[in-house]
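Asks: dropping a prediction and its sequence here:
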Amino acid sequence: MSVNLLYSENPKMPRNRPFLFTLCVILNISGLILAFKFEQQSLQITGLVIWLGTLTLLLIWYIKTKGTKLSITENDILLEKGLLSKKRVEVQIRLVRTVSVDQTFIDRIFGVGEIAIYTAGDLPEIVEKGLPDPNKIREIIKQKQNKSDLSPT
């Protein structure tokens, strides 16, 4: 893999699913309020369970997003997934046939989207959701392809 790094990002947790993230934060705060502001023991236990559940969910979600990274260099695209065990998919830029960007209205507002990179087959080699500025990724790949088409081999 080349050394010159053009793009390297992890999926963005709150921007990828803003409503779920907001709901988790609200439930987390509500759980703390239930646990410490009320005197009924059943409400305190319920609050602690809600707080621990949402805290665990947010922590797992954070670890998953930090364990995923898309990197683009001069010649290659590399998607790495996993924290303890790693899965790596590497595609040479010159072999990329199609780059598909999918953004919902909410994704466009938050500046994230899903990117799919196709080579020879009908199924994409790389698919990742929640990457910031997916059109920038597409532009970098197309720019490198055009540059390699112009250079003599």
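Replies: Received the coordinates, thanks.
Asks: and the helix or strand of the chain with the lowest mean pLDDT, how far out from the chain middle?
Replies: Within the chain, no helix or strand scores below helix 134-150, which has a mean of 88 by mean pLDDT, DSSP states H and E. Chain-centre distance of helix 134-150: 21 Å, with Cα atoms, centre = their mean, to the nearest Å.
Asks: which helices and strands does it pack with?
Replies: strand 5-9, strand 68-73, strand 98-102, strand 112-118 (3 or more Cβ pairs under 8 Å, 6 or more residues apart in numbering; DSSP states H and E). To be clear about C-beta, it is placed using only N, CA and C from the backbone, and glycine gets the same treatment.
Asks: where does pLDDT dip in the chain?
Replies: Applying pLDDT under 70 to the chain flags residues 1-3, 149-153.
Asks: per-domain residue ranges of it.
Replies: Domain segmentation of the chain under automatic domain parsing yields 5-11+68-150, 14-64.
Asks: export these to a markdown table and tack on mean neighbour count?
Replies: Shown next, in a markdown table, are the domains of the chain (neighbours: other Cβ atoms under 10 Å):
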| stretch | mean neighbour count |
| --- | --- |
| domain 5-11+68-150 | 15 |
| domain 14-64 | 14 |
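Asks: for this structure, which helix is longest?
Replies: Secondary structure of the chain per DSSP state H: the longest helix is helix 41-66.
Asks: report the spatially nearest residue to residue 48, omitting neighbours in sequence.
Replies: residue 35 (4.7 Å; Cβ to Cβ, 6 or more residues apart in numbering).
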